[in-house]
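In: Here is a sequence together with a model predicted from it:
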Amino acid sequence: MTTRWERIARANNGEEYAAAYAERFRVLAAQGEDIHGEAGFVQRLLEPPARVLDAGCGTGRITERLAELGYAVVGTDVDAAMLEQARAAAPTLDWRQADLATMDLGEIFDLVLLAGNIIALLEPGTLGAVAERLAAHTTPGGLVVCGFGLDSAHLPAGCAPTSLADHDAALAAAGLEPVARYSTWDGEPYDDGGYVITMHRRPRDSQQDAS
């Protein structure tokens, strides 16, 4: 079954979308651009060797950087083509193919990260199930961080936005408590603009496990 992400990625980048995606960031890095804002954000929240799940890791850019910084990191994605790029670039890291709506990794993490518009690219109707799975994979007291666009200027062409209200409601229903919102990975406060980074916490007295 072709996912919503694959349909949008192919429409925008062709059949070799995974290779094109990886190459785009290699070019940016070679040009001296900072491509590690998300990892820097994580670094300001908790110190290595904390356990981090890069949920929707794509070609593995963030997972690789977090591993370099000393975190115990797992990268997971539903897209085999994206994971193929990730494994080719960093074969010793822990890559797992999983659908976020049904994933059961059998372990929990200090921080679960969803960057790269994962929320907006979820299959229709799965936001609630994804939120429950994110909560189940987070340690009591741990964090869930999601960064995603809220309008067409911050989303891939053909990707309909997910409202911030729907996102917040789904995470609340999964038992996650809001902590903060930001507008950039540098930590600028949220300004009601077209891109948001949300931070939620799993209550310390929560009994839910990754199963």
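Out: Yep, that arrived.
In: By residue count, what's the longest strand in the chain?
Out: Looking across the chain with DSSP state E, the single longest strand is strand 138-149.
In: now the residue nearest the centre of the chain, nearest residue through space, not along the chain?
Out: The residue lying closest to the centre of the chain (CA atoms, centre = their mean) is residue 114, at 1.7 Å. Distance criterion CB to CB, 6 or more residues apart in numbering; nearest residue to residue 114, sequence neighbours excluded, is residue 146 at 4.4 Å. In this view, the C-beta of every residue, glycine as well, is placed from N, C-alpha and C.
In: so where's the protein uncertain?
Out: Scanning the chain for pLDDT under 70 picks out 207-211.
In: biggest helix in it by residues?
Out: Across the chain, the longest stretch assigned as helix under DSSP state H is helix 17-30.
In: how far does that helix sit from the chain's center?
Out: Relative to its chain's centre, helix 17-30 lies at 18 Å (CA atoms, centre = their mean, to the nearest Å).
In: residues making contact with the following helix or strand past that helix?
Out: Once the chain leaves helix 17-30, the next helix or strand it forms, by DSSP states H and E, is helix 37-45. Residues from elsewhere that reach helix 37-45, judged by CB atoms under 8 Å, 6 or more residues apart in numbering: 52, 62, 65-66, 69, 71, 111, 113, 115, 143, 145, 147, 184-187, 197.
In: from the residues you listed, which would you call buried?
Out: Among these, those classed as buried by 16 or more other CB atoms under 10 Å are 52, 62, 65-66, 69, 71, 111, 113, 115, 143, 145, 147, 184-185, 197.
In: so what's residue 4 up against?
Out: Residues near residue 4 by CB under 8 Å, 6+ apart: 121-124.
In: thought residue 60 was touching residue 95?
Out: Yes - in this structure, residue 60 is within contact of residue 95 by CB atoms under 8 Å, at 7.1 Å.
In: the more surrounded of those two?
Out: residue 60 (26 against 20; other CB atoms under 10 Å).
In: Tell me, how many residues neighbour the residue lying closest to the more buried one once chain neighbours are set aside?
Out: In this structure, residue 60 finds its nearest non-sequential neighbour in residue 86, 3.1 Å apart by CB to CB, 6+ apart. As a burial measure, residue 86 scores 24 neighbours (other CB under 10 Å).
In: which element is residue 86 on?
Out: helix 80-89.
In: after that helix, next one along is what?
Out: Next along the chain after helix 80-89, taking DSSP H and E as the criterion, comes strand 94-97.
In: still on that earlier bit, am I right that the residue nearest to the centre of the chain is in contact with residue 58?
Out: No - the pair residue 114 / residue 58 is not scored as a contact, 11.0 Å apart, by CB under 8 Å.
In: any idea how far residue 152 is from the residue nearest to the centre of the chain?
Out: 20 Å (CB to CB, to the nearest Å).
In: likewise residue 52?
Out: In this view, residue 52 and residue 152 are 30 Å apart by CB to CB.
In: Now do the contacts for the closest residue in space to residue 129 that isn't next to it in sequence.
Out: Leaving aside its sequence neighbours, residue 129 sits nearest to residue 101 (CB to CB, 6+ apart; 4.2 Å). Residue 101 makes contact with 122-123, 126, 129-130, 133 under the criterion CB under 8 Å, 6+ apart.
In: Could you rerun that using 10 Å?
Out: 78, 122-123, 125-133 (CB atoms under 10 Å, 6 or more residues apart in numbering).
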